[in-house]
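Q: What follows is a protein structure lacking sequence information:
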Ligand code: UD1
Ligand code: CA
């Protein structure tokens, strides 16, 4: 392990008020591509293999600790939100003097591992490293002040900046690397004489300069390194930037995405060769797609395993399901959790399937509800067939054996077993097991009533008689 990284303690500041989000949810818990903001940052921090990771949180942030309790971090409470300098100060008791503190901002979540490694590598032990960036839209960010020789000597916040300073396009990303011994002597010296009445960590910059300690500014070349989330507009912007990055990575790995701008991944996707994903597909949880598959437009997939040669047509919603090779699903199919589809099953439009196993080659092509059912091979389920699995209290199982044929609009009332090669007449209400290879019809017979007179004709005839 790299020694330099060994003596670095990471401090993540996550105790903000999230005022501009207008929400009771702490900002750092909003998801970006399905992963909470703070968790994204923690994943990057973990990659650095630093000695410890401290996360500064506030009163309202108990939810933050709870939701990320699996992470091996040291939680440090900031009792009052008095600024970024005050936030770092809360960790001082626990930091070793021979360490350097790498400060990350909880609301700057996409900083790359490579950039952080570069910052550490380019900052000699006894100096300060500060990550800056140039941007065409510096509004709201701290600006880097440089003297006429180009030496940096301070940071001024937007709210404290003069008009001339506001024109500076080199900004403070917030990310810095400072020897703990300097923090210990300088943080208590911070003052809050500024527009926000806060103790700014950024003031350390000028103090270092006054004390003759060198500041190495490292320039980030990657926009995502310094994008911050302060409001919903920025959150949505970051989401799109991240989605595009992930989409392009998949495309480099061979995925055919018809439009990377209209693709949303909020979990994990694995795919084999020759997979095409049409527009507006949303992927959540863990999804794996076999080779030679097509996912149509507006499809939602959550925790789905898809075999080879599968076609999922437009507007289908599929959750917690295993789809074997050769299946054709949709358009407009809804497949709910606990479903297992064997090879070459066809689930057509407006068919809902829940917690059911459907055998090889079986088709339910149009309209219907299949819930809590076990269906064999090569069964044909006619349009409008419904399993009445729920009596208001309990759920019951429907079993349909191989090669049965269920006529349209059949109502199957479980517990019931449709035996092998049973043939169910259209419109039947089946309440008892049906025998093999027989036609079962359970509906009233059709009758044509003799001497029947339509009501209109009846009235006319009566009037004629009057
Ligand atoms: C901060 C920087 C600014 C920089 C910008 C980069 C300061 C004074 N300003 O401004 O120079 O360009 O970030 O995005 O540092 N936090 C705490 N406790 C507090 C206050 C803040 O933990 O008392 C946390 C927040 O949760 C947030 C981070 O520190 O994650 C930054 O705070 P924020 O208020 O968003 O600072 P900015 O005004 O964005
Ligand atoms: Ca911020």
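A: All right, it came through fine. What you are looking at is a predicted structure, and each value in this text was computed from that prediction instead of being measured. Ligands and ions are numbered 1, 2, ... in the order given.
Q: do you know how far the residue in the stretch 201-350 of the chain that ligand 1 sits nearest to is from ligand 2?
A: In the stretch 201-350 of the chain, the residue that lies nearest ligand 1 is residue 228 (3.7 Å; CB to the nearest ligand atom). C-beta: built from backbone N, CA, C; applies to glycine. Separation of residue 228 from ligand 2 (CB to the ion, to the nearest Å): 4 Å.
Q: Could you measure from that residue over to residue 142?
A: 11 Å (CB to CB, to the nearest Å).
Q: Also residue 369?
A: For residue 369 relative to residue 142 (CB to CB), the value is 59 Å.
Q: Check the offset of the helix or strand hosting residue 119 from the chain's centre.
A: Following DSSP states H and E, one finds residue 119 within helix 113-121. Relative to the chain's own centre, helix 113-121 is displaced by 27 Å; criterion: CA atoms, centre = their mean, to the nearest Å.
Q: all helices for the protein, in order.
A: For the chain, helices defined by DSSP state H occupy the ranges 3-6, 37-47, 62-67, 84-89, 113-121, 163-166, 180-186, 203-210, 232-252, 455-465.
Q: For those helices, which has the smallest mean pLDDT value?
A: Least confidently modelled of those is helix 3-6, at a mean of 56 by mean pLDDT.
Q: returning to that earlier point: looking at residue 369 and residue 142 now, which is surrounded by more residues?
A: Between residue 369 and residue 142, residue 142 has the larger neighbour count (other CB atoms under 10 Å), namely 26 against 19.
Q: Give me the distance between that one and residue 198.
A: Applying CB to CB, the value for residue 142 to residue 198 is 12 Å.
Q: same question, residue 97
A: Relative to residue 198, residue 97 is positioned 26 Å away (CB to CB).
Q: With neighbour numbers in mind, choose between the two.
A: It is residue 198, of residue 97 and residue 198, that has more neighbours when counted by other CB under 10 Å, with 19 against 10.
Q: give the contact list for the closest residue to that one other than its chain neighbours.
A: Leaving aside its chain neighbours, residue 198 sits nearest to residue 83 (3.0 Å; criterion: CB to CB, 6 or more residues apart in numbering). Residue 83 sits next to 190, 192, 196, 198-201 when contact means CB atoms under 8 Å, 6 or more residues apart in numbering.
Q: restrict those to contacts with ligand 1.
A: 200-201 (CB under 6 Å from any ligand atom).
Q: wait, does stretch 64-73 make contact with ligand 1?
A: No - figure legend: stretch 64-73 not in contact with ligand 1 (CB under 6 Å from any ligand atom); closest approach 10.2 Å.
Q: List the buried residues of that stretch.
A: Counting neighbours by 16 or more other CB atoms under 10 Å, one finds that the buried residues in stretch 64-73 are 64, 67-68, 71, 73.
Q: Just give me the neighbour total for residue 158.
A: Counted with other CB under 10 Å, residue 158 comes out at 15.
Q: Kindly report the same for residue 390.
A: Neighbours of residue 390 (other CB under 10 Å): 12.
Q: can I assume it is in contact with residue 371?
A: Yes - Residue 390 is within contact range of residue 371, at 7.5 Å (criterion: CB atoms under 8 Å).
Q: Tell me which residues touch the nearest residue to residue 145 once chain neighbours are set aside, please.
A: Leaving aside its chain neighbours, residue 145 sits nearest to residue 154 (4.2 Å; criterion: CB to CB, 6+ apart). Residue 154 makes contact with 144-145, 205-206, 209 under the criterion CB under 8 Å, 6+ apart.
Q: Likewise for residue 382?
A: Applying CB under 8 Å, 6+ apart to residue 382 gives the contacts 405-410, 426.
Q: How confident is the prediction for the closest residue to it other than its chain neighbours, by pLDDT?
A: Nearest residue to residue 382, sequence neighbours excluded (CB to CB, 6+ apart): residue 408, at 3.6 Å. Looking at residue 408, its pLDDT stands at 98.
Q: what residues are up against the residue nearest to residue 428 when sequence neighbours are not counted?
A: Leaving aside its sequence neighbours, residue 428 sits nearest to residue 442 (CB to CB, 6+ apart; 4.1 Å). Residues near residue 442 by CB under 8 Å, 6+ apart: 425, 428-431.
Q: Just name the closest of the residues you listed to residue 452, please.
A: Proximity of those to residue 452 (CB to CB) peaks at residue 425, which lies at 25.4 Å.
Q: neighbours of the closest one, just the number please.
A: Residue 425: 17 surrounding residues under other CB under 10 Å.
Q: With residue 177 as the reference, measure out to it.
A: Taken as CB to CB, the span from residue 425 to residue 177 is 78 Å.
Q: Can you say which of the helices of the chain is packed in most?
A: With neighbours taken as mean count of other CB atoms under 10 Å, the helices of the chain reach their highest mean count in helix 84-89, at a mean of 24.
Q: residues in contact with the closest residue in space to residue 111 that isn't next to it in sequence?
A: If the residues on either side of it in the chain are set aside, residue 111 comes closest to residue 225, at 4.7 Å by CB to CB, 6+ apart. Residue 225 sits next to 108, 110-112, 115, 131, 133, 173, 175 when contact means CB under 8 Å, 6+ apart.
Q: Now do the same for residue 225: its pLDDT.
A: If you check residue 225, the pLDDT there is 94.
Q: can you check residue 221 too?
A: Residue 221 is given a pLDDT of 89.
Q: give me the number of residues near it?
A: Using other CB under 10 Å, the number of residues around residue 221 comes to 9.
Q: and it, how far is that from residue 247?
A: 21 Å.
Q: Report the separation between the closest residue to ligand 2 within the stretch 51-200 of the chain and residue 402.
A: Nearest residue of the stretch 51-200 of the chain to ligand 2: residue 107, at 4.5 Å (CB to the ion). Counting by CB to CB, the gap from residue 107 to residue 402 is 58 Å.
Q: Nearest residue to residue 342 in space, please, no chain neighbours.
A: Of all residues not flanking residue 342 in the chain, residue 360 sits nearest, at 4.3 Å (CB to CB, 6+ apart).
Q: now, which of the contacts of residue 154 sits nearest residue 381?
A: The closest of the contacts of residue 154, once distances to residue 381 are taken by CB to CB, is residue 144, at 67.9 Å.
Q: interface residues of the chain facing ligand 2?
A: For the chain, the contact set with ligand 2 under CB under 5 Å from the ion comprises 107, 228, 230.
Q: From ligand 1, how far off is the first one?
A: In this view, residue 107 and ligand 1 are 4 Å apart by CB to the nearest ligand atom, to the nearest Å.
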